[in-house]
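Peer 1: here is the input, now give the coordinates:
(chains A and B)
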Amino acid sequence: MNGYFHSVVLSEDSCKGCTHCIKRCPTEAIRVRDRKASISGERCIDCGECIRVCPYHAQKAVTDDLEDIKKYKYRIALVPPAVHGQFDTGIGLGKILKAVEMLGFDEAYDISPYCDIASAIIQKYYLEEEKITRPAIYSDCPVIIRLIQLRYPDLLENVIPLVSPMEIAARLIKTDTVSKKNFKREDVGVFYLTPCPARVTSVRVLIGLSFAYTDGLISIRKIFGSLSKNLGELQSLEKVEGYEFSGRGLKWGIIGGQSQSIVSKNYLAVDGIENVINVFEELELGKLKNMDFVEAYACTGGCVGGPLLVENAFVAKTRVKHLADTTHSPKLIGKEKVKEFIEAGLFTWTEEIKPKKMVSLDPNIGKAIQKMEKVEEILKKLPGIDCGSCGAPTCRALAEDIVNGRAREVDCVFRLREKINEIDRG
Amino acid sequence: MSTGDMVKLNYSVNIEDFAKAGDISSNTKKVLKKLGIPSDITRRAAIVTYEAEMNIIIHSSGGEIIVNIDTAKIEIIARDYGPGIPDIDRAMQKGYSTASDHVRELGFGAGMGLPNMKRCSDGFLIESQKGKGTTVTSTIHIHN
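Peer 2: Okay, the predicted model is just below:
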């Protein structure tokens, strides 16, 4: 894929060459040519909108399998709040963790206490100590960081350079397991149960890091059946104890929860990739300066709306909210501990995040201007109805493709008809 | 080092058309990104067009915005048909605004429009004639 790894891939056999995905892709990364869709590696941000919208399930996510955990002597599962949203709230969080262990893991950990660590670091260091340009943007959503890199590079200075709670958990738990249980580092495998493909990409193509402690990611949808079966077996048990949770941390699974656990006011929480783009447009114009904190998620509802989940996003959201409200929240770690973490550099990005060049018509501005003039010329001849039949999402996108030699004018069915009529008339 | 080639964008702006507010700016930004103009310059041009658009919507009896882009510079010309600015020096002061209460209630008219435009421009010129109209010309150099 031209040197780009993406978790979102296309299965050519299933693709019917329809236009659902090209119209929904927020970065116009998909084209249908010769009746098959193809994704531009350069432009894809792994949001998974195409997976969600494809009626033939031709767009897929590359994730790890349960088989892959066998490569490790000691296997650890990290369970995010989105998992809890898949099941009835009456089951109890402990049983769900137990059911995850029954898949073949030695231990399962809930992510929520590690979300609390992130909340404390953001609140007590980056915001209170004024370590970041306002409004500060933090996103546990890897799509958002890639979107900023690609379309809003000027906002990179507002992004808090803190790793995700997934990595915070992986780092602490792996280090702890190695020292306490006397394993070699490579013997311990940490697997995250993922609601989305973007998270998979985030450990393969690292953002801000040179090394990830998370070893693999398993699609929640893929293990949903086995999990349900395990929960059935646990049905007779009264309650399963021995795991740590935080109500505050559970809220990270739904939009707004992250903000609420960090700041009490002056925050903006936005979900859904199109809505996020609209808010970032405002931010780029220098508006919303009075905001302290911006939280953004590509999926509607937050992580509970991930494309690799089973339950309806709104049902899952309601469940996670209920669980968050009824689960005890331990006190956040103090300033001293936060300082210790920051000084140890354990959870901060080590690599600079560079802007990705938005795909322009030509690397040379002069030539790009000439091409733009041609685009405008061609556009006048196109119908302007953005039907997608040519395989490009809009008439403008087709015109750009034509100028760059990637499509022909007769790919447009309207232009083709006109040409045929011309020939007919002789 | 101009090749003579130029992209020209031409938009008309209607009075009190808040529904379309921001369209010209976001469209201009899209074009600049497609041309591969550096992001900081694109951002400045987007702010200038946005403020120009808002000025015409709020204060004038309608007008137009023309954006000319060549390899050396972006030129943004915002022209309206009145009523003109009686005191340009005051209009350039931060926080000074003649916007109506109605407009302020909508969250606009903070008196930062023209100062913002100037801050983002390399060259900035206001010409105004009472009763006739105002033309604001902003130039932003493209450095590679």
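Peer 1: let's verify the closest residue to chain A within chain B: helix, strand, or coil?
Peer 2: Using CB to the nearest CB, the single residue of chain B nearest to chain A is B:G36, 3.2 Å away. The way it works is simple: take the backbone N, C-alpha and C, and place the C-beta from them, glycine included. The three-state assignment at B:G36 reads coil, by DSSP: H, G, I helix; E, B strand; the rest coil.
Peer 1: model confidence score at the nearest residue to it once chain neighbours are set aside, please.
Peer 2: Excluding the flanking residues, the one nearest B:G36 by CB to CB, 6 or more residues apart in numbering or on different chains is A:S360, at 3.2 Å. You'll see A:S360 listed with a pLDDT of 86.
Peer 1: what sits against the residue of chain B closest to chain A?
Peer 2: For B:G36, the contact set (CB atoms under 8 Å, 6 or more residues apart in numbering or on different chains) comprises A:357-358, A:360-365, A:368.
Peer 1: which of these ranks first by neighbour count?
Peer 2: A:A368 (24 neighbours; other CB atoms under 10 Å in any protein chain shown).
Peer 1: may I see the buried residues of the helix or strand harbouring that one?
Peer 2: Using DSSP states H and E, A:A368 sits within helix A:365-381. Across helix A:365-381, burial judged by 16 or more other CB atoms under 10 Å in any protein chain shown covers A:365-372, A:375, A:378-379.
Peer 1: among the residues you listed, which are within reach of chain B?
Peer 2: A:365-366, A:368-370, A:372 (CB under 8 Å from any CB of the partner chain).
Peer 1: so the closest residue to A:L234 other than its chain neighbours: helix, strand or coil?
Peer 2: Leaving aside its chain neighbours, A:L234 sits nearest to A:K95 (5.0 Å; criterion: CB to CB, 6+ apart). Here A:K95 takes the helix state, with states given by three-state DSSP.
Peer 1: which stretches of the stretch 1-150 of chain A have low pLDDT?
Peer 2: A:1-4 (pLDDT under 70).
Peer 1: helices of that one, residue ranges please.
Peer 2: A:20-24, A:49-53, A:81-84, A:93-101, A:112-121, A:142-151 (DSSP state H, counting those that start in this stretch).
Peer 1: out of those, deepest packed?
Peer 2: Using mean count of other CB atoms under 10 Å in any protein chain shown, the stretch among these with the greatest mean number of neighbours is helix A:81-84 (a mean of 30).
Peer 1: what is that one packed up against?
Peer 2: Counting contacts by 3 or more CB pairs under 8 Å, 6 or more residues apart in numbering or on different chains; DSSP states H and E, helix A:81-84 packs against helix A:93-101, helix A:220-233, helix A:247-250, helix A:313-326.
Peer 1: who does B:V67 form a beta bridge with?
Peer 2: B:L9, B:I76 (DSSP bridges).
Peer 1: count the residues that sit near it.
Peer 2: 24.
Peer 1: what's the separation between the nearest residue to A:T214 once chain neighbours are set aside and B:G109?
Peer 2: With sequence-adjacent residues excluded and distances taken as CB to CB, 6+ apart, A:T214 is closest to A:A170, at 4.4 Å. Remark: distance between A:A170 and B:G109 (CB to CB, to the nearest Å) = 50 Å.
Peer 1: in chain B, which helix has the most residues?
Peer 2: helix B:39-59 (DSSP state H).
Peer 1: from B:T42, how far out is A:R146?
Peer 2: Counting by CB to CB, the gap from A:R146 to B:T42 is 19 Å.
Peer 1: my error: substitute A:L162 in the last question.
Peer 2: On the measure of CB to CB, A:L162 and B:T42 end up 28 Å apart.
Peer 1: for B:E51, same thing?
Peer 2: 15 Å.
Peer 1: could you count how many residues lie near A:R396?
Peer 2: Neighbour number of A:R396 under other CB under 10 Å is 19.
Peer 1: ugh, wrong one, A:E157
Peer 2: A:E157 has 9 nearby residues by other CB under 10 Å.
Peer 1: now A:A392. Its backbone dihedrals?
Peer 2: phi -110, psi 150 (degrees, to the nearest 10).
Peer 1: excluding its backbone neighbours, what's nearest the spatially most central residue of chain B?
Peer 2: For chain B, B:A52 is the residue whose C-alpha lies nearest the centre (CA atoms, centre = their mean; 2.6 Å). Distance criterion CB to CB, 6+ apart; nearest residue to B:A52, sequence neighbours excluded, is B:A78 at 3.7 Å.
Peer 1: surely that neighbour is within a helix?
Peer 2: No. Read with three-state DSSP, B:A78 is strand and lies in no helix.
Peer 1: report pLDDT for it.
Peer 2: With respect to pLDDT, B:A78 has a value of 95.
Peer 1: pretty sure it is touching B:N55, no?
Peer 2: Yes. Using CB atoms under 8 Å, B:A78 is in contact with B:N55, at 6.9 Å.
Peer 1: those two: which is more packed in?
Peer 2: Using other CB under 10 Å as the criterion, B:A78 and B:N55 rank with B:A78 on top: 27 against 24.
Peer 1: relative to A:Y297, how far out is the more buried one?
Peer 2: 37 Å.
Peer 1: that older thread, the residue nearest to A:T214 sits in which helix or strand?
Peer 2: Short version: A:A170 belongs to helix A:165-181, going by DSSP H and E.
Peer 1: helices and strands of chain B: which one bottoms out on pLDDT?
Peer 2: None of the helices or strands of chain B scores lower by mean pLDDT, DSSP states H and E than helix B:101-105, at a mean of 76.
Peer 1: tally of neighbours for B:G133?
Peer 2: There are 20 residues near B:G133, going by other CB under 10 Å.
Peer 1: centre of the chain to stretch B:126-144, how far?
Peer 2: 8 Å (CA atoms, centre = their mean, to the nearest Å).
Peer 1: what does that stretch contact?
Peer 2: The contact list for stretch B:126-144 (CB under 8 Å, 6+ apart) reads A:365, B:37-38, B:41, B:44-45, B:48, B:52, B:55, B:60, B:63, B:71-86, B:88, B:91-92, B:114, B:117-118, B:120-125.
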